[in-house]
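Trainee: this one's structure only:
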């Protein structure tokens with residue numbers, strides 16, 4: 001089922017699709033990350049993601065459709081990975097397969113990922129790709145109103 005997955009460079013034409021995907025309330029709850037307004041989202045992607053020379057960014061295609069994205073960036077001196085998959089693509093093994101392929105684009109190790117403790121599916125994706133739980137921390141949610149328990153995972 002997941003043999004029709006490809007990764008390619010992110011284009012600006014992908015951004016409206018990514019924007020719509022991050023509006024899903026269930027997805028934002030699972031990720032413990034609030035959706036952004038269209039203006040904030042586009043500015044973040046253009047300036048901080050695509051404009052980051054050290055970033056590695058790929059669009060995930062499933063059967064030719066933009067299913068989501070997988071990215072790597074340096075934060076606090078550590079190289080991290082993150083991904084977002086549109087809800088309609090959940091539960092098909094797409095994230096695991098895309099992340100496994102993406103790891104071939106990122107030579108630097110160790111790699112880190114942060115995942116909300118309640119997001120068991122995302123933690124499982126990371127573990128299938130060789131990440132192990134490295135720690136647990138509380139992070140202030142982007143709303144600044146609540147703390148979220150997050151696993152820190154590491155790939156050596």
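Mentor: That came through, no problem. Note that this is a predicted model, so its numbers are computed, not measured. Numbering: from 1, shown residues only.

Trainee: how about the helices of this structure, start to end?
Mentor: 15-21, 25-31, 38-43, 94-102, 120-128 (DSSP state H).

Trainee: give me the contacts around the third one.
Mentor: To tie it back to what came earlier, the one meant is helix 38-43. Helix 38-43 is contacted by residues 15, 18-19, 22, 35 when judged by Cβ atoms under 8 Å, 6 or more residues apart in numbering. (Each C-beta comes from the backbone N, C-alpha and C, glycine too.)

Trainee: show the buried residues in those residues.
Mentor: Buried subset of the contacts of helix 38-43 (neighbour count, 16 or more other Cβ atoms under 10 Å): 15, 18-19, 22, 35.

Trainee: max-length strand in this structure?
Mentor: Secondary structure assigned by DSSP state E gives strand 65-75 as the longest strand of the chain.

Trainee: off-centre distance for that one?
Mentor: In terms of Cα atoms, centre = their mean, to the nearest Å, the gap separating the centre of strand 65-75 from the centre of its chain is 5 Å.
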